[in-house]
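> Quick one, structure for this:
(chains A, B and C)
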Amino acid sequence: MIDVYNKLLNQFGSKDWWPADTQFEVVIGALLTQQTRWENVERAIKNLKERGLLEQEPLSRIDLEELEELIRCTGFYRQKAKRLKSISEFFFENPDILKKPEDELRDILLSLNGVGEETADSIVLYAADRPRFVIDAYTKRICMCMGIKGDYGELQSIFEDSLPQDVPLYKEFHALIVEYGKRFCGQKRCTECILVENGKM
DNA sequence: GTCCGGATAA
DNA sequence: TTATCGGGAC
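Sure thing, here's the model as predicted:
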């Protein structure tokens, strides 16, 4: 896998993904970005920030319909508004939650409504700064093209076992995979794929 | 019309 | 495994 990482890094350079002022902002962004373009997430984040709502207590207490309007641009705004309120309440009541060991933290996150495996790992990696490799749709797709099959956990193990346990590397690699996926997989430029031609990772 | 930095209930 | 949630950009 490290070869794939180096190929992507050479092609695209460092991405500096997931800009955010606070850990909580990463958590909120992780929910808002589900099935949504990042540009639209930034608008919603800006809306919340301008009103001082990008903090645990204010966001947990905001009127539901008001919150829906502020995040409407991210789509799925009704379910996302409910989830944001409940997760804000949880983080307000458990302020040190991100300091827990990554395995325990991941299980706790998964028990929250609106948090599946990808979102949980995104929070563990980008908010808590712990080594958990994020598997998204592009990662699965690229693996399939390389002949690697498996469910979420199996693919995650393949990446984590073949890479040094390095948080910045995990962050960068996932960002590069998404960038690559957008440009090639998403545009169906399979004949130009630089990852599959030599087969193995 | 298609696609996005998915999760959930059925 | 499939339907649903959904606005915005192309």
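> buried sites along the helix or strand where A:F24 lies?
Using DSSP states H and E, A:F24 maps to helix A:23-32. Within helix A:23-32, the residues that count as buried by 16 or more other CB atoms under 10 Å are A:24-32. C-betas here are computed from N, CA, C, even on glycine.
> And that helix, what does it pack against?
In terms of contacts (3 or more CB pairs under 8 Å, 6 or more residues apart in numbering; DSSP states H and E), helix A:23-32 is packed against helix A:38-50, helix A:77-93, helix A:117-122.
> Go again with 6 Å.
With contacts taken as 3 or more CB pairs under 6 Å, 6 or more residues apart in numbering; DSSP states H and E, helix A:23-32 sits against helix A:38-50.
> who's in contact with the helix it packs on?
Residues from elsewhere that reach helix A:38-50 (CB atoms under 6 Å, 6 or more residues apart in numbering): A:29, A:32-33, A:54, A:70-71, A:73-74.
> The closest residue to A:A120 other than its chain neighbours: what's it in contact with?
Closest residue to A:A120 apart from its sequence neighbours, by CB to CB, 6 or more residues apart in numbering: A:L109 at 4.1 Å. By CB under 6 Å, 6+ apart, the residues touching A:L109 are A:115, A:120, A:123.
> ok, the residues you listed vs DNA strand B, which is closest?
Checking these against DNA strand B by CB to the nearest atom of the strand gives A:V115 as the nearest, at 5.3 Å.
> Now do the same for the closest residue to that closest one other than its chain neighbours: its pLDDT.
Closest residue in space to A:V115, ignoring its immediate chain neighbours: A:L109 at 5.0 Å, by CB to CB, 6+ apart. As predicted, A:L109 sits at a pLDDT of 97.
> repeat for A:L169
Confidence for A:L169, expressed as pLDDT, is 97.
> Next, give phi and psi for the residue lying closest to it once chain neighbours are set aside.
Nearest residue to A:L169 in three dimensions, chain neighbours excluded: A:L163, at 6.4 Å (CB to CB, 6+ apart). With angles defined as degrees, to the nearest 10, A:L163 sits at phi -120, psi 150.
> re the thing from before, so which of the contacts of helix A:38-50 are also by DNA strand B?
Among the contacts of helix A:38-50, the ones lying near DNA strand B by CB under 7 Å from any atom of the strand are A:29, A:33.
> Switch the contacts of helix A:38-50 over to a markdown table; also include pLDDT and distance to A:K46.
Output for the contacts of helix A:38-50, formatted as a markdown table (pLDDT from 0 to 100; distance: CB to CB, whole Å):
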| residue | pLDDT | distance to A:K46 |
| --- | --- | --- |
| A:G29 | 97 | 11 |
| A:L32 | 97 | 12 |
| A:T33 | 97 | 14 |
| A:L54 | 96 | 9 |
| A:L70 | 97 | 10 |
| A:I71 | 97 | 11 |
| A:C73 | 96 | 10 |
| A:T74 | 97 | 12 |
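> Pick out whichever of the contacts of helix A:38-50 sits closest to DNA strand C.
Compare each of these with DNA strand C using CB to the nearest atom of the strand and the shortest gap goes to A:C73, at 4.3 Å.
> All good on my end, thank you.
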